[in-house]
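Enquirer: Sequence first, then the predicted structure, then my questions.
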Amino acid sequence: MVENSSDDKIRNAVRENYAKVATTSSCGCGPTCCSNSSNSNLAADASIALGYSSEDVQSAPEGSNMGLGCGNPQAIAELKQGETVLDLGCGGGFDCFLASRKVGTDGLVIGVDMTPEMVSKARKNVRDSGETNIDIRLGEIENLPVADNSIDVIISNCVINLSPNKQRVFKEAFRVLKAGGRLAISDVIASTTIPEDIKKDLVLHAGCIAGASTQNEVIAMLKEAGFNEIRVKNKEESKSFIKDWAPGSGAENYVVSANIQAIKL
């Protein structure tokens, strides 16, 4: 993949932001969205607002849930025993732990994150939990450290919008999925044209706002990557928490959370 300076700046801004999330009390899903993501009660409340159950939150190891995201990909993934699951941008491992319980000891969950501090945090959480079916890997979602045709299900929560090369992400997703494999992600998409001043703001890029693609763009990229049975469902109710991500920016007027599903035939 050929990089340009703009892509590098975006990726570095995102990596630096999530390094802070992993090591301090700052928040990643929006510049101010969680107030204190290290506070387990606030993180739990944030996750429940995103669509996770109280049981989900309580079952995950301490420190894995940082209240990040824009939805709940577990709700649409329909995970089954024995499946191999890939979590793009796994963070502290919250979705990995939830998925590991659904696929069981005969299954495998691979989490990939490009931020070393986040990978270290997730790996510690896995070690402390004693789970044996979770593998956390350092890598970029545009260049997945995963073998061809090896994954049953790909999940992700508010991560692909952060990539400066989303088409590459979807092509990589298609490459690693088995025939019949499925994509089940929650992400933000642009509901209207995003103003140029917001698009150029690296803080708002790292905050899951400035880099959002439109629904039509997402569908076109998925088709170009080779996917079929594409479904994109906007969740208008998500604007209630998006407005808190960057108060005063009007983010809720430009982006909305969506469930995105597709199949590799």
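Expert: It's in.

Enquirer: other SSEs contacting the helix or strand residue 102 falls within?
Expert: In this structure, residue 102 sits in helix 94-103 according to DSSP states H and E. Under the contact criterion of 3 or more Cβ pairs under 8 Å, 6 or more residues apart in numbering; DSSP states H and E, the helices and strands touching helix 94-103 comprise helix 54-59, helix 74-77, strand 84-88, strand 108-113, helix 116-129, strand 134-138, strand 151-157. (Each C-beta comes from the backbone N, C-alpha and C, glycine too.)

Enquirer: between it and strand 84-88, how many degrees?
Expert: Using axes from the mean of the first three to the mean of the last three Cα atoms, to 10 degrees, the direction of helix 94-103 lies 170 degrees away from that of strand 84-88.

Enquirer: which residues touch helix 94-103?
Expert: Outside helix 94-103, the residues that touch it by Cβ atoms under 8 Å, 6 or more residues apart in numbering are 47, 52, 56, 59-61, 64-66, 68, 73-74, 77, 79-85, 87, 90, 107, 109, 111, 122, 125-126, 129, 131, 133-134, 136, 155, 157.

Enquirer: Mind giving me the packing neighbours of the top strand by length along the chain?
Expert: The single longest strand within the chain, with elements called by DSSP state E, is strand 177-190. Helices and strands in packing contact with strand 177-190 are listed as helix 74-77, strand 151-157, helix 215-225, strand 255-263; criterion 3+ Cβ pairs under 8 Å, 6+ apart.

Enquirer: returning to that earlier point: got the helices and strands packed on helix 94-103 as a markdown table, with distance to residue 263 and mean pLDDT columns?
Expert: Written out in a markdown table, the entries for the helices and strands packed on helix 94-103 read as follows (distance: least, Cβ to Cβ, whole Å; pLDDT from 0 to 100):
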| stretch | distance to residue 263 | mean pLDDT |
| --- | --- | --- |
| helix 54-59 | 25 | 94 |
| helix 74-77 | 13 | 97 |
| strand 84-88 | 15 | 98 |
| strand 108-113 | 20 | 98 |
| helix 116-129 | 28 | 97 |
| strand 134-138 | 24 | 98 |
| strand 151-157 | 11 | 98 |
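
Enquirer: Could I get those in a markdown table, plus columns for mean neighbour count and distance to residue 249?
Expert: Conversion of the helices and strands packed on helix 94-103 to a markdown table gives the following (neighbours: other Cβ atoms under 10 Å; distance: least, Cβ to Cβ, whole Å):
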| stretch | mean neighbour count | distance to residue 249 |
| --- | --- | --- |
| helix 54-59 | 13 | 28 |
| helix 74-77 | 20 | 28 |
| strand 84-88 | 26 | 26 |
| strand 108-113 | 26 | 26 |
| helix 116-129 | 19 | 25 |
| strand 134-138 | 19 | 32 |
| strand 151-157 | 25 | 21 |
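
Enquirer: how about these in TSV, adding distance to residue 192?
Expert: Formatted as TSV, the helices and strands packed on helix 94-103 follow (distance: least, Cβ to Cβ, whole Å):
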stretch	distance to residue 192
helix 54-59	32
helix 74-77	25
strand 84-88	26
strand 108-113	30
helix 116-129	31
strand 134-138	36
strand 151-157	23
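
Enquirer: give the contact list for the residue nearest the centre of the chain.
Expert: With distances taken as Cα atoms, centre = their mean, residue 157 lies nearest the centre of the chain, 2.8 Å away. For residue 157, the contacting residues are 68, 69, 70, 71, 72, 73, 89, 95, 185, 186, 187, by Cβ under 8 Å, 6+ apart.
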